[in-house]
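> Dropping a prediction and its sequence here:
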Amino acid sequence: MMRVAVIGLGEAGSIYASDLPTRGASVVGTDVRGSLSPAGVDRAVDVPRAVRGADLVLSLVGASSAASVLAEALPAMDASSVYADMNTSGPADKRLLASAAAERGIPFVDVAILAPVPRARIDTPLLLSGPGIGRLRPLLARLHIPATEVGPEPGAAARLKLLRSVFMKGLAAVVVESVTAAEIFGAQDWLMDQIASELGAPDLQPVHHLIDGTRTHAVRREAEMVQAREFLDSLDAPHPMTDATIEWLRAIAGRGDAAG
């Protein structure tokens with residue numbers, strides 16, 4: 001039986017930890033922030049004990065903790081395992097993580113999650129890049145998790161994810177702004193119907209997803225968009241909409257002026 005270690009039991013990590021046993025995996029989880037374990041998931045007291053003996057390690061701790069968690073995990077792993085960094089961060093950060101793993105002889109994969117995990121759970125499509133793809137791809141196939149390879153360079157998946165984020169997080173921010181105004185004006189239902197129609201949605205659920213996800217995860221999404229802006233800067237690409245999205249997310253999170 002495949003043994004999978006899930007590091008980070010927040011929203012996405014808890015879903016992976018809960019769903020993987022239904023695909024035949026044995027799962028152990030741990031969380032650096034002390035989150036509760038999903039029902040039926042074995043809990044390890046720390047990262048080294050979680051990853052020891054694992055065939056696959058999934059890191060879902062957020063970009064700010066990715067490097068420190070990798071540093072804890074590597075000494076307890078051996079080359080028969082593979083480390084999948086599923087956190088949203090910039091390509092330079094992914095390359096640094098891959099370099100640290102390579103020094104320990106551990107296969108590393110930069111994994112980009114292409115949609116909110118609660119929607120399709122572990123059937124959410126993934127992008128894969130990095131030197132450990134050859135080790136990871138057959139494991140994901142056994143688990144029936146959809147994934148697309150985008151190259152051997154760590155950071156390639158991260159770049160595509162950030163480009164997608166410019167659109168998706170920007171779209172969500174515009175939807176929240178327009179619906180907030182419509183609530184004040186008294187036209188919320190009408191406007192939400194209009195947005196759903198333009199999105200080609202059969203009902204209002206996708207609109208609610210955009211609004212609720214933005215309001216719930218504003219802090220995390222602001223950090224993601226800052227990474228996206230840094231990537232756009234590296235391309236010398238203009239980013240006025242990304243700048244505005246960051247300011248609006250900061251305001252939604254209660255840490256800035258919406259007019260900012």
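Good, I have the coordinates. Numbers count the residues shown, from 1 in each chain.
> Show me which residues of stretch 205-221 are buried.
206-207, 209-211, 213-214, 217-218, 220-221 (16 or more other C-beta atoms under 10 Å). Where you see a C-beta, it was placed from the backbone N, CA and C, and this is true even at glycine.
> For that stretch, list the C-alpha coordinates in CSV.
Written as CSV, here are the backbone C-alpha positions of stretch 205-221 (Å, rounded to 0.1, in the frame of the first residue of the first chain):
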residue,chain,number,x,y,z
GLN,A,205,-23.0,28.7,-7.5
PRO,A,206,-19.8,29.7,-9.4
VAL,A,207,-20.5,33.4,-8.5
HIS,A,208,-20.9,32.5,-4.8
HIS,A,209,-17.6,30.5,-5.0
LEU,A,210,-15.8,33.6,-6.4
ILE,A,211,-17.2,35.9,-3.7
ASP,A,212,-16.9,33.5,-0.7
GLY,A,213,-13.5,32.3,-1.6
THR,A,214,-12.2,35.8,-2.0
ARG,A,215,-13.6,37.0,1.3
THR,A,216,-12.5,33.9,3.2
HIS,A,217,-9.0,33.6,1.8
ALA,A,218,-8.2,37.3,1.2
VAL,A,219,-4.9,37.2,3.2
ARG,A,220,-3.6,34.1,1.4
ARG,A,221,-4.7,35.4,-2.0
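> Now that R142 has come up, it's in contact with V4, right?
No: look at R142 against V4 with C-beta atoms under 8 Å: they stay out of range, at 10.8 Å.
> Looking at those two, which is more packed in?
A count of neighbours by other C-beta atoms under 10 Å puts V4 above the other of R142 and V4, at 24 against 14.
> That one - that's part of a helix, no?
No: V4 is assigned strand when assessed by DSSP: H, G, I helix; E, B strand; the rest coil, not a helix.
> so of the buried residues of stretch 205-221, which ones are in helices?
206-207, 209-211, 213-214, 218, 220-221 (DSSP state H).
> can I get these in JSON lines with pLDDT?
As requested, those are exported to JSON lines (pLDDT from 0 to 100):
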{"residue": "P206", "pLDDT": "93"}
{"residue": "V207", "pLDDT": "96"}
{"residue": "H209", "pLDDT": "93"}
{"residue": "L210", "pLDDT": "94"}
{"residue": "I211", "pLDDT": "95"}
{"residue": "G213", "pLDDT": "92"}
{"residue": "T214", "pLDDT": "95"}
{"residue": "A218", "pLDDT": "94"}
{"residue": "R220", "pLDDT": "91"}
{"residue": "R221", "pLDDT": "94"}
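> quick revisit: would you format the buried residues of stretch 205-221 as TSV with distance to P91 included?
What follows is the buried residues of stretch 205-221, written out as TSV (distance: C-beta to C-beta, whole Å):
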residue	distance to P91
P206	29
V207	32
H209	27
L210	26
I211	30
G213	24
T214	25
H217	22
A218	24
R220	19
R221	19
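> Return the member of the ones in helices among the buried residues of stretch 205-221 nearest to G132.
Nearest to G132 among those is R220, at 25.5 Å by C-beta to C-beta.
> what's the closest non-adjacent residue to the closest one?
Leaving aside its sequence neighbours, R220 sits nearest to G62 (C-beta to C-beta, 6 or more residues apart in numbering; 7.0 Å).
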